[in-house]
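S.K.: Please find the sequence and the predicted model below.
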Amino acid sequence: MKTEKYTISIYSENNLGLLNRIATIFLKRHINIESLTVSGSEIENVSRFIIVVDISEERMKKIIGQIEKQVEVIKAYYHTNDECIFLQSALFKIKSSLLFEERQIQNIIKQSNAQIVTVSPEFFVIEKSGRREEIDALYEELLSFGIMQFVRSGRISVTKEEMKISELLRKQLN
Amino acid sequence: METITKSTEKLTNKKSVRISGAEAVVKCLLEEGVDLIYGYPGGAIMPVYDEFYKYEKELHHVLTRHEQGAVHAAQGYARVTDKVGVAIATSGPGATNLITGIADAQIDSTPLVCITGQVGSHLLGSDAFQETDIISISTPVTKWNYQITKAAEIPEIMAKAFYIAKSGRPGPVLIDITKDAQFGELDFTYESCNEVRSYNPVPEMDPTSIAAAAEIINAAKKPFIVWGQGLTLGKAEKEFKDFIEKAGIPSASTLLGLSALPSDHELHVGMVGMHGNYAPNVLTNSCDVLIAVGMRFDDRVTGNLETYAKQAKIIHFEIDPAEVDKNVKTDVAVLGNVKDTLSAILPLIEKKRHKEWMQQFHDLYDIEFKEVIDGQINVDVDGLTMAETIVALNKATKGDAVIVSDVGQHQMIASRFSKFNHGKSKITSGGLGTMGFALPAAIGAKMGAPEREVVAIIGDGGFQMNIQELGTILQTKVPVKIVVLNNQFLGMVRQWQELFFEGRYASTMMTNPDFVKIAEGYSIKARRVSERKELTEAIEEMIASKESYFLEVAVEMEENVFPMIPTGSSVSDIRLK
């Protein structure tokens, strides 16, 4: 069956244990979570999960059903890449000496639109936000110089279409 | 919890009283109308048990002999009443012993509130004595769970637990309470819960889908209904009967739907599923419209999905949106409580009879009778059959009893042959298939419906899985009747070994104890029959008994249950032998 990358957005109560409950839904069905981010949302006291999976749409619909069934989930949506604006962030920790010895690194940073977050005598840290491929490209370029540490966040995403979640919440409360 | 607290908080003028968390637990139970709970004490729940001692007049606690017995008893209780079953246990092993019953309640949608004690909150995560992370363990098998670490949380969480357990599609809720929360004090007031902002228990009814469903049903030439436990849970037996009688549609039950429509109803065409009746299984693949009502297309019902009712339009009356299109793609989903949706569709339904179509069910029943049933109930050779025992039981109970069955061959035979005049009369472990369910569930059922005859039908294997609950019968004197159909085998597994594993009977033969002596050891009247001439009289004696009664029936060792849809086969390829 044809699979596609879907971004799942879950609006939920901010409760201990819900992450576990949501993760279980995927685990039980052997679905690999490619990325998971939990944060606040535009509504006070409502959390937002952004989960990325690569599955068929039929499966996706069923998973949304299982997620929405959870008592503390207010609403869950799924979107294709085309339907949302999304990015990831990455941090690269590099030896400071390289910045001066390898002039090329400065060009790489400039060209990739990365930011230097901090510079110390021993190391400097570059931050790069963007699509996964852009981060991967920067990683490849820096690899040959030696990366002391690398970390990449999960996807964060907003939809192009309106979510109407505040309206829904108002409705559920009345 | 903060957010939910704020959203559901209501101003109240009720005067509060300063009490302990443990006492608050008992007061919450009383506020929810609970007068009977099942459990087993232990260290981390002792403060609550101390309050049970003080409140014993208002709240009756039944001491089972194992926590699994407690949770199954609570399930049996919940399934014959309209109430939430309550089970309580201590932390660690007490809590983990509840899990099988909780998983059973989750898959069979039984409303339960399970309360577990937990080590003090300062010890959480320290691997303290009898500490288990029961919240994580129970997460995949509960509708909701919550760990209380402060006494002040108790009233609101308990109210929420009961609301969630019983509303919408019911299910089990587990509340874990640390020992310090039980000892701690709070200002107690109680507000029952009727809303949780993130939770939408009953989807809104959509008039368009009701109209669309009515149109398809009215145009159908060969409509067929499969109903499930949703009818019982939604208290929609009457609405269902009105609906099928007006539309004249042959209707079959799932295993858990049994007794929602009286067995002798003219439109009742039997049970679907792996060991269901021949006609409804075969004709699933001949109908032009399949109407599923409060059922979830379990694999034991559908057989191979690739060949399940492909020719038919599918209409699904369902309360849980996650069930729609989960296994079988529907043409029209009618979401909502079946009581409401069936009432709403009734005026749109044309009065009809489908005589020729109905005749097909009768004709196939005749084949099943000739090939299977006749030989099981009209037996002239030595050796009793399971089926003739159930038929004899029907005569004695006149179809008025609550039949609680365990899991295996006897369960299928009890389901195929028992007659039911009233709803809530068939209690069994369906989705999870929990051996050991029936004895404790029958205890709970009898306590929940003391005016009714309750008969547990159990195999010799399942009986020994919770045999310790005979002790609960001894102590409570609950007059539950127990029939053990003893074939000295784990019969269903043995049947599969015979059919699919070339007769290699790996670990299915049982060397059994003297069950009569065991029952007598618990002061339960007991009898064993192995002769046909004694059977009826023994069953009559059992039913006439005012006390609990144990009847062991020695049945044929290698009898098979037919018809049968082998795993992976189509419903219409159901085997008669």
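M.R.: Yes, it's here.

S.K.: mind checking pLDDT for the closest residue to chain B within chain A?
M.R.: Among residues of chain A, the one nearest chain B by C-beta to the nearest C-beta turns out to be residue A:65. It sits 3.5 Å away. (Each C-beta comes from the backbone N, C-alpha and C, glycine too.) Confidence per residue is given as pLDDT, and for residue A:65 that number is 97.

S.K.: after the helix or strand harbouring it, next one along is what?
M.R.: Taking DSSP states H and E as the criterion, residue A:65 maps to helix A:57-68. Downstream of helix A:57-68, the first helix or strand assigned by DSSP H and E is strand A:73-80.

S.K.: How is chain A divided into domains?
M.R.: If you go by automatic domain parsing, the domain ranges for chain A are A:4-85+A:160-173, A:86-152.

S.K.: okay, these, which one's buried deepest?
M.R.: Counting by mean count of other C-beta atoms under 10 Å in any protein chain shown, domain A:4-85+A:160-173 has the highest mean neighbour count of these, with a mean of 17.

S.K.: Give me the neighbour count for residue B:356.
M.R.: By the other C-beta atoms under 10 Å in any protein chain shown criterion, the neighbourhood of residue B:356 contains 9 residues.

S.K.: Which strand or helix spans it?
M.R.: Using DSSP H and E, residue B:356 falls within helix B:355-368.

S.K.: Next: residue A:157.
M.R.: Taking DSSP H and E as the criterion, the element that holds residue A:157 is strand A:156-159.

S.K.: now that strand, how far from the centre of its chain.
M.R.: If you compare the mean C-alpha spot of strand A:156-159 with that of the full chain, they lie 8 Å apart, counting by C-alpha atoms, centre = their mean, to the nearest Å.

S.K.: Quick one: name the residues of the stretch 201-350 of chain B near chain A.
M.R.: B:320, B:321, B:322, B:324, B:325, B:326 (C-beta under 8 Å from any C-beta of the partner chain).

S.K.: do that again at 6 Å, thanks
M.R.: The stretch 201-350 of chain B comes close to chain A at residues B:321, B:322, B:326, as judged by C-beta under 6 Å from any C-beta of the partner chain.

S.K.: Let me see the contact set for the residue nearest the centre of chain A.
M.R.: For chain A, the residue nearest the mean C-alpha position is residue A:155 (1.3 Å; C-alpha atoms, centre = their mean). Applying C-beta atoms under 6 Å, 6 or more residues apart in numbering or on different chains to residue A:155 gives the contacts A:35, A:50, A:52, A:86, A:88.

S.K.: what's the answer for residue B:144, then?
M.R.: Residues counted as contacts of residue B:144 (C-beta under 6 Å, 6+ apart) are A:71, B:164, B:173.

S.K.: ditto for residue B:400
M.R.: If a contact means C-beta under 6 Å, 6+ apart, then residue B:400 has residue B:421 as its contacts.

S.K.: go with 7 Å
M.R.: For residue B:400, the contact set (C-beta atoms under 7 Å, 6 or more residues apart in numbering or on different chains) comprises B:421, B:422, B:453.

S.K.: any idea how far it is from chain A?
M.R.: Look at residue B:400 and chain A: by C-beta to the nearest C-beta, to the nearest Å, they are 37 Å apart.

S.K.: Restricting to C-alpha, output the helix holding residue B:356 in PDB.
M.R.: This file holds the C-alpha atoms of helix B:355-368, laid out as PDB (Å, rounded to 0.1, in the frame of the first residue of the first chain):
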ATOM      1  CA  LYS B 355     -40.600 -14.100   3.200                       C
ATOM      2  CA  GLU B 356     -38.400 -15.800   0.600                       C
ATOM      3  CA  TRP B 357     -35.200 -14.400   2.000                       C
ATOM      4  CA  MET B 358     -36.200 -15.500   5.500                       C
ATOM      5  CA  GLN B 359     -37.000 -19.000   4.100                       C
ATOM      6  CA  GLN B 360     -33.300 -19.300   3.100                       C
ATOM      7  CA  PHE B 361     -32.400 -19.000   6.700                       C
ATOM      8  CA  HIS B 362     -34.800 -21.700   7.700                       C
ATOM      9  CA  ASP B 363     -33.600 -24.000   5.000                       C
ATOM     10  CA  LEU B 364     -30.000 -23.600   6.000                       C
ATOM     11  CA  TYR B 365     -31.000 -24.100   9.700                       C
ATOM     12  CA  ASP B 366     -32.600 -27.400   8.700                       C
ATOM     13  CA  ILE B 367     -29.300 -28.500   7.100                       C
ATOM     14  CA  GLU B 368     -27.400 -27.400  10.300                       C
END
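
S.K.: How far off centre is that helix?
M.R.: Put simply, helix B:355-368 sits 30 Å off its chain's centre (C-alpha atoms, centre = their mean).

S.K.: for that helix, packing partners?
M.R.: Where contact means 3 or more C-beta pairs under 7 Å, 6 or more residues apart in numbering or on different chains; DSSP states H and E, helix B:355-368 is packed against helix B:278-284.

S.K.: and the helix it packs on, what other elements does it pack with?
M.R.: Applying 3+ C-beta pairs under 7 Å, 6+ apart, one finds that helix B:278-284 makes contact with strand B:268-271, helix B:355-368.

S.K.: which residues touch it?
M.R.: In contact with helix B:278-284 (C-beta under 7 Å, 6+ apart) are residues B:224, B:252, B:269-270, B:272, B:290, B:308-309, B:360-361, B:364-365, B:367-368, B:563, B:565, B:571-572, B:574, B:576.

S.K.: are any of these buried, and which?
M.R.: Of the members of those, the ones counted as buried by neighbours, 16 or more other C-beta atoms under 10 Å in any protein chain shown, are B:224, B:252, B:269-270, B:272, B:290, B:308-309, B:360-361, B:364-365, B:368, B:563, B:565, B:571-572, B:574.

S.K.: residue ranges of the helices in chain A, please?
M.R.: With DSSP state H, the ranges of helices along chain A come out as A:18-28, A:57-68, A:96-101, A:103-111, A:132-143, A:165-173.

S.K.: Of those helices, which is nearest residue B:257?
M.R.: When the helices of chain A are compared for distance to residue B:257 using C-beta to C-beta, the nearest one is helix A:57-68, at 22.4 Å.
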